[in-house]
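In: Return a 3D structure for these sequence lines:
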Amino acid sequence: MSIKVENISKLYGTQKAVDDVSFEIKSGEIIGFLGPNGAGKSTLMKILTCYIPQTSGKAEVCGFDVKEQSLEVRKQVGYLPEHNPLYLDMYVKEYLAFIGGLHHIKNVTARVKEMVDMVGLQVEQNKKIGALSKGYRQRVGLAQALIHDPKVLILDEPTTGLDPNQLEEIRNLIKQTGKEKTVMLSTHIMQEVEAVCDRVIIINKGKIVANDDTQHLQESSQHKVVLRVEFDRETTKNSIKNIEGVIEVKLLEGKTWLIITDADKDIRKDVFDYAVANKLSVLAMQKEEQKLEDIFKQLTK
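Out: The predicted structure is shown next:
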């Protein structure tokens with residue numbers, strides 16, 4: 001087991017940032033670690049990387065206790081924090097060589113070149129870090145997290161500031177890395193989780209509210225049906241809510257509505273009957289699957 005967390009809590013004064021959290025992550029898994037701002041994600045990541053101690057409970061990384069064997073844990077973990085701390089006056093290759101030296105890497109020059117190629121820093125490798133764009137600074141941060149070939153990679157918002165092309169490249173790198181290492185990925189981009197992660201852990205107000213593989217989480221949430229309906233004329237939310245079986249109604253734009261119903265009842269005929277009774281025409285009706293973003297909102301409201 002690469003990461004094992006048992007009843008971890010973290011208090012700041014009287015406030016519980018993490019509240020009796022337990023989960024396990026196997027070797028070779030890519031885990032999406034999700035939650036709203038202030039939910040406890042970064043706090044738990046800092047505990048796992050030995051940056052701060054827990055108040056109670058136990059956590060292990062690759063069999064090493066984060067509190068009792070923190071030096072051994074740090075050897076196993078590559079960490080990219082949310083606020084990427086870099087030495088802006090150092091050159092890219094100089095900085096990576098410095099980090100490699102801290103990890104006592106043999107033939108550090110060759111390893112630096114390997115990292116530069118891996119994360120796509122070839123064009124910028126001779127610049128000072130302070131002269132790089134935010135996206136390229138993220139690449140430098142990812143390179144320093146990988147340079148000592150850790151078994152576990154913990155990434156806190158790794159794709160912040162990347163353009164669409166860079167985003168795809170870093171996602172592919174994370175997926176490739178996940179074939180050999182355990183990856184714990186915190187992000188607010190739900191498409192990223194759907195594209196990259198095998199399993200999702202959602203934390204809200206310091207507690208785990210979901211822990212399941214991405215596909216099963218989406219399938220198990222299909223207790224509601226979402227219909228996107230476009231009428232030819234404007235109508236009112238309250239009149240649509242009077243249709244039997246309707247749970248919730250949202251106006252998207254103009255004359256297009258999202259109608260949320262219970263999965264046990266097919267209301268499409270009722271919607272057509274409603275349109276006829278109100279002298280409306282249905283221009284379009286489409287059934288939509290619930291996305292991970294919708295599930296996230298339901299669990300963290």
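In: rest of the way, CA atoms for contacts and neighbours
Out: OK.
In: Now for residue 85, how many residues are close by?
Out: Counted with other C-alpha atoms under 10 Å, residues neighbouring residue 85 total 11.
In: which SSE is the residue lying closest to it once chain neighbours are set aside in?
Out: Using C-alpha to C-alpha, 6 or more residues apart in numbering and skipping residues adjacent in sequence, the residue nearest residue 85 is residue 141, 7.9 Å away. Per DSSP states H and E: residue 141 is located in helix 134-146.
In: What is the subsequent helix or strand relative to that helix?
Out: Immediately after helix 134-146, counting by DSSP H and E, sits strand 152-156.
In: Partner strands of that next one and their direction?
Out: Sheet pairing of strand 152-156 (DSSP bridges) gives strand 77-80 (parallel), strand 182-186 (parallel).
In: tell me, what residue is most central in the protein?
Out: The chain has residue 187 as the residue nearest its centroid, 3.1 Å off, counting by C-alpha atoms, centre = their mean.
In: Surely it is in contact with residue 157?
Out: Yes: using C-alpha atoms under 8 Å, residue 187 is in contact with residue 157, at 4.8 Å.
In: and the helix holding residue 141, what does it pack onto?
Out: strand 77-80, helix 92-102, helix 108-119 (3 or more C-alpha pairs under 8 Å, 6 or more residues apart in numbering; DSSP states H and E).
In: if we can go back for a sec, can you add mean neighbour count, distance to residue 101 and mean pLDDT and give the strands paired with strand 152-156 back as TSV?
Out: Rendered in TSV, the data for these read as follows (neighbours: other C-alpha atoms under 10 Å; distance: least, C-alpha to C-alpha, whole Å; pLDDT from 0 to 100):
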stretch	mean neighbour count	distance to residue 101	mean pLDDT
strand 77-80	24	15	94
strand 182-186	25	24	93
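In: Would you mind telling me which of these is nearest residue 203?
Out: Closest of those to residue 203 is strand 182-186, at 10.8 Å (criterion: C-alpha to C-alpha).
In: mind checking how far that closest one is from the chain centre?
Out: 8 Å (C-alpha atoms, centre = their mean, to the nearest Å).
In: can you list contacts of it?
Out: For strand 182-186, the external contacting residues (C-alpha atoms under 8 Å, 6 or more residues apart in numbering) are 2, 25-34, 41, 151-158, 174, 177.
In: what's the following helix or strand after it?
Out: Assigned by DSSP H and E, the successor of strand 182-186 is helix 190-196.
In: I'd like the average pLDDT over that next one.
Out: Taken as a whole, helix 190-196 has an average pLDDT of 83.
In: Can you spell out which helices and strands pack onto the helix or strand just after that helix?
Out: The first helix or strand that comes after helix 190-196 along the chain, using DSSP H and E, is strand 199-204. In terms of contacts (3+ C-alpha pairs under 8 Å, 6+ apart), strand 199-204 is packed against strand 30-34, strand 207-213, helix 292-300.
In: among the ones you listed, which is the most enclosed?
Out: Most buried of these by mean neighbour count (mean count of other C-alpha atoms under 10 Å) is strand 30-34; its value is a mean of 25.
In: what's the angle from that one to strand 207-213?
Out: Interaxial angle, strand 30-34 versus strand 207-213 (axes from the mean of the first three to the mean of the last three C-alpha atoms, to 10 degrees): 150 degrees.
In: Off-centre distance for strand 30-34?
Out: 5 Å.
In: packing partners for the following helix or strand past that strand?
Out: Going down the chain from strand 30-34, the next helix or strand is helix 41-48, by DSSP H and E. Helix 41-48 sits against strand 15-25, strand 56-61, strand 152-156, with contacts defined as 3+ C-alpha pairs under 8 Å, 6+ apart.
In: now the ones you listed as a markdown table including mean neighbour count?
Out: Conversion of the helices and strands packed on helix 41-48 to a markdown table gives the following (neighbours: other C-alpha atoms under 10 Å):
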| stretch | mean neighbour count |
| --- | --- |
| strand 15-25 | 17 |
| strand 56-61 | 19 |
| strand 152-156 | 25 |
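In: my read: residue 167 touches residue 159, true?
Out: Yes: under the criterion of C-alpha under 8 Å, residue 167 makes contact with residue 159 at 6.3 Å.
In: Of these two, give the one with the bigger neighbour count.
Out: Neighbour count, other C-alpha under 10 Å: between residue 167 and residue 159, residue 159 has more, with 25 against 17.
In: Isn't that one up against residue 138?
Out: Yes: counting by C-alpha under 8 Å, residue 159 touches residue 138, with 7.2 Å between them.
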